Structures are given as structure tokens and as C-alpha cells.
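>>> No sequence on hand, only this structure:
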């Protein structure tokens, strides 16, 4: 039996703004609107399905990227003034981490979700 993650629903105050924000950071295209969702597909086929919602708790999504994608995302984050941290508790602002021999950082999306980029799992 094969088990794969196909999609995850990400609640957002504005699904279009949240999908576009993350797409811009990751260097991807925000997908089409399907029903109540705006999809963002990552390279392994999983989609993040952004849906308008209120009163939700923040989630955590981690994206494993290669070094070139990390460098490009970090450059876009810095260029747009997005605050980032080296740790999930947001104590080390403006720093990256070197966990597991790679690099990583955390940033909040417009819905308050704690997003992570890492180069080593």
C-alpha cells in the first residue's frame, strides 16, 4: 500500500493574499481557484489549499528546499521586508539556523501560520 499526502487545507483571512504571499516567497505560481480553495502546488505534487476562514489557530508548515531555492527565498524575504527568525519560537529575529548540517528559517504568513524553510530534514 502506498500512502502519500495529497493536500492540506490552510485557513486564511484572505485565501488569495495568503496563497500569493507564500507563492512569492517560494518562487512558485499560485494555482487556480477550485471551489472555496486557492491552491498552491509544491514540487512533490502536494497542494496547499487556502480557504477563507475566521477564528482559526495557527498551523506550522515546513518546506524542504535545496540550497539554491533557500538562497532565492531568503533574498525575496529580505527584499520585501518579511520578518524571519532562526527558531520556531521567534526569539532569534533576522537570523537563520544551521540545524542538521543545513540551513533554516521561520516566517509568519498573513494568516499568522508559522512557515519554515529548511535545507536538511
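Sure, I can see it. Computed from a predicted model, the values in this text were never measured in an experiment.
>>> ok, which stretches of this structure are strands?
Counting by DSSP state E, one finds strands in the chain at the ranges 7-12, 33-34, 37-41, 47-52, 60-64, 84-85, 104-108, 114-118.
>>> which one of these lies closest to residue 70?
Nearest of the strands of the chain to residue 70, taken as C-beta to C-beta: strand 114-118 at 5.8 Å. (Each C-beta comes from the backbone N, C-alpha and C, glycine too.)
>>> and the closest one, how far out from the chain's middle?
6 Å (C-alpha atoms, centre = their mean, to the nearest Å).
>>> ok and it relative to strand 60-64, angle-wise?
Inter-element angle recorded for strand 114-118 and strand 60-64: 20 degrees (by axes from the mean of the first three to the mean of the last three C-alpha atoms, to 10 degrees).
>>> switch to numbering from 8
Noted, 8 is the first residue going forward, which turns the last one into strand 121-125.
>>> In the lengthiest helix in the chain, which residues are buried?
Longest helix in the chain, counting residues (DSSP state H): helix 74-87. Using 16 or more other C-beta atoms under 10 Å as the test for burial, helix 74-87 gives 76, 77, 80, 81, 84.
>>> cool, stretch 112-120 as well?
Neighbour-count burial for stretch 112-120 [16+ other C-beta under 10 Å]: 112, 113, 114, 115, 116, 118, 120.
>>> swap in stretch 19-30?
Buried residues in stretch 19-30, counted by 16+ other C-beta under 10 Å: 19, 22, 24, 25, 26, 27, 28, 29, 30.
>>> TSV for the strands of the chain, including mean pLDDT and distance to residue 102?
TSV is the format used below for the strands of the chain (pLDDT from 0 to 100; distance: least, C-beta to C-beta, whole Å):
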stretch	mean pLDDT	distance to residue 102
strand 14-19	98	26
strand 40-41	94	36
strand 44-48	97	26
strand 54-59	98	26
strand 67-71	98	17
strand 91-92	98	7
strand 111-115	98	8
strand 121-125	98	13
